[in-house]
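1. pasting the sequence and the predicted model now:
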Amino acid sequence: MTEQEIIIQTGADPFETETIKIKVPKGEKILCTESYVAELAEIYNQFDREAEASSIIEEHSDYIVQGEVVNISYQNNVPTEALIDISRKYTAVCYLQKESKEIVDQLTKGTIVDVKVRKGQGELMIASISDALDEVKAKEIMAAIGNPSIGFTAKVTELIHGGYWVDVGGIKCFMPGSLGGVNKLHDFSVLVGKEIVVMPITYSRDKDTIVVSHREYLRTLIPGAVENLKEEIKEKVIGFVTGTTKFGIFAEFNKCLTGLIPKAELDEDTQAKFDDRDIKAGDQIEFWTKEIISEKKIILSQKGPKIDLWDGAQDKYKPMMVTDGKITKLTKYGAFVELEKGISGLVHKSKLKNREIAKGDIINVKIGSVNVSDRKITMNIV
């Protein structure tokens, strides 16, 4: 087929014309200018598509084409075969016992479906709807490799040497054991039978399979988990031990976070077990968050929640209140006055009234404003 550009008359007025492009058999030209030439061109194009479909079927094995269900055979009221018209030249048979019940229940005469076609014996063409769906799904997963925003629900079906087989929407994928969690798993069998979210990371030509990672998905959760931890920093947390060092115990918690409980922050019972080397990976352990240095460095403690002296400071120190304070630092901005250990405020230099003051002096101050979130208190000398 070749493409030809022609001008056709689109209305009663001979000047009402339109230029269109059509495909015609090689060596032929269309000279007609009537509007029905567009319909003729569509017929040519239809034959062209049919020829292309036949060529695909004849030249390729296991290729996806679109077809129409023209007949469904039954045995004892159970659908057994479907004839699918995949071109004017070919009709393929689909053995329904090999298709899922969900697929079979949706099939009726006239249904348009995508099928994967292969040659059977003689001229027989065999079609599979499920194979076509699997190939489309596999291409979708392949296209997501390296995309940090796309994950897939998967079921871990089998523990094998080096990792797992996981089912991702009907596609069998491989997940290395080291990528089953944000840290090394203490018991690799714990994932078998579970549904998890995975992200495709590469394609293994050796195993002819897509390689996926649960760890990559968990890492995307860390920023949000850290923000939630900041809001609930006083809440007790239950986690499990991932490992120990001479510095303390590493624990995993809130699905994707890992922190260190330093030796000095262990309670008495845990300290005794730690000294006896009786702490094992997988042991359940309780603690509080002491400090969040970064997403990768979280300090934990078993000695209680972090005490924030500023909690309730807005109730204890109110504007216009007069109290005593100790000058702890003199700067070009003014004097820092400690009201109690851990809570200080600033007397701006403009409010010092040329008074002679020195570090260590106890003075009377009047509270101005209290901003607990910014850890700031302003005050004036009385």
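-> That came in fine, so what should we check first?

2. pLDDT score assigned to V37?
-> Residue-level confidence at V37 comes out at 51, pLDDT.

3. residue contacts, K109?
-> K109 sits next to V69, V70, N71, I72 when contact means C-beta atoms under 8 Å, 6 or more residues apart in numbering. To be clear about C-beta, it is placed using only N, CA and C from the backbone, and glycine gets the same treatment.

4. list only buried entries from the residues you listed.
-> The neighbour count (16 or more other C-beta atoms under 10 Å) marks V69, I72 as buried among these.

5. farthest pair in the contacts of K109?
-> Greatest spatial distance among those (C-beta to C-beta): V70 and I72, at 8.9 Å.

6. which residues in the chain form helices?
-> If DSSP state H is used as the criterion, the helices of the chain fall at 37-59, 101-106, 129-143, 214-231, 268-275, 313-316.

7. can you name every helix or strand that the shortest one contacts?
-> Using 3 or more C-beta pairs under 8 Å, 6 or more residues apart in numbering; DSSP states H and E as the contact test, no helix or strand touches helix 313-316.

8. one step back: overlap in contacts of V70 and I72?
-> Listed as contacting both V70 and I72 by C-beta under 8 Å, 6+ apart are L83, K109.

9. low-confidence ranges in the stretch 1-150 of the chain?
-> Low-confidence segments of the stretch 1-150 of the chain (pLDDT under 70): 1-2, 4, 6, 8-15, 22-62, 88.

10. apply 90 and report the result again.
-> Applying pLDDT under 90 to the stretch 1-150 of the chain flags the ranges 1-66, 86-91, 118-125, 135-136, 146, 148.

11. strands along that one, start to end?
-> Assigned by DSSP state E, counting those that start in this stretch, the stretch 1-150 of the chain shows strands spanning 2-9, 17-24, 63-75, 78-85, 91-95, 112-119, 125-128.

12. how far off centre is the shortest one?
-> Just to be clear, that refers to strand 125-128. 36 Å (C-alpha atoms, centre = their mean, to the nearest Å).

13. now do stretch 239-254
-> 26 Å.

14. cool, stretch 233-252 as well?
-> The answer for stretch 233-252 is 26 Å, by C-alpha atoms, centre = their mean.

15. can you offset everything so residue one is 42?
-> Sure thing, new numbering starts at 42, so read that last one as stretch 274-293.

16. which intervals of the stretch 242-391 of the chain have sub-threshold pLDDT?
-> 246-249, 271-275, 345-357, 373-374, 381-383, 389-391.

17. before we move on, back to that, quick one: the strands of the stretch 42-191 of the chain as TSV, columns for distance to K314 too.
-> Formatted as TSV, the strands of the stretch 42-191 of the chain follow (distance: least, C-beta to C-beta, whole Å):
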stretch	distance to K314
strand 43-50	80
strand 58-65	80
strand 104-116	60
strand 119-126	62
strand 132-136	61
strand 153-160	58
strand 166-169	58
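
18. pick the most buried one from these.
-> Each of these was scored by mean neighbour count; the highest is strand 166-169, a mean of 22, by mean count of other C-beta atoms under 10 Å.

19. listing partners with orientation, what would you give for it?
-> strand 132-136 (parallel), strand 153-160 (antiparallel) (DSSP bridges).

20. reformat the ones you listed as a markdown table; add distance to A173.
-> A markdown table is the format used below for the strands paired with strand 166-169 (distance: least, C-beta to C-beta, whole Å):
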| stretch | distance to A173 |
| --- | --- |
| strand 132-136 | 10 |
| strand 153-160 | 4 |
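
21. who wins for proximity to I326 among those?
-> Using C-beta to C-beta, the strands paired with strand 166-169 put strand 153-160 closest to I326, at 51.5 Å.

22. tell me what angle the closest one forms with strand 104-116.
-> 100 degrees (axes from the mean of the first three to the mean of the last three C-alpha atoms, to 10 degrees).

23. what residues does strand 153-160 touch?
-> 98, 102-110, 125, 127, 133, 135, 148, 166-170, 172-174, 176-177.

24. could you rerun that using 10 Å?
-> Taking contacts as C-beta atoms under 10 Å, 6 or more residues apart in numbering, the residues outside strand 153-160 that touch it are 94, 97-99, 101-110, 123, 125-128, 131, 133, 135, 144, 147-148, 165-177.

25. and it with strand 119-126, angle?
-> 80 degrees.

26. what about dumping the CA coordinates of strand 153-160 to CSV?
-> Listed next in CSV are the C-alpha coordinates belonging to strand 153-160 (Å, rounded to 0.1, in the frame of the first residue of the first chain):
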residue,chain,number,x,y,z
ILE,A,153,-13.6,-8.0,21.3
VAL,A,154,-10.5,-9.4,23.1
ASP,A,155,-6.7,-9.2,22.9
VAL,A,156,-5.2,-12.7,22.4
LYS,A,157,-1.8,-14.1,22.2
VAL,A,158,-1.7,-16.4,19.2
ARG,A,159,0.6,-19.4,18.4
LYS,A,160,0.5,-22.0,15.8
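
27. could you check the angle helix 170-184 makes with that strand?
-> Interaxial angle, strand 153-160 versus helix 170-184 (the same axes, to 10 degrees): 100 degrees.

28. can you tell me how far the closest residue to T283 other than its chain neighbours is from L298?
-> Leaving aside its chain neighbours, T283 sits nearest to N224 (4.4 Å; criterion: C-beta to C-beta, 6 or more residues apart in numbering). Applying C-beta to C-beta, to the nearest Å, the value for N224 to L298 is 10 Å.

29. what is in contact with the two at once?
-> Contacts common to N224 and L298, judged by C-beta under 10 Å, 6+ apart, are L259, A292.

30. higher neighbour count, the two?
-> L298 (24 against 18; other C-beta atoms under 10 Å).
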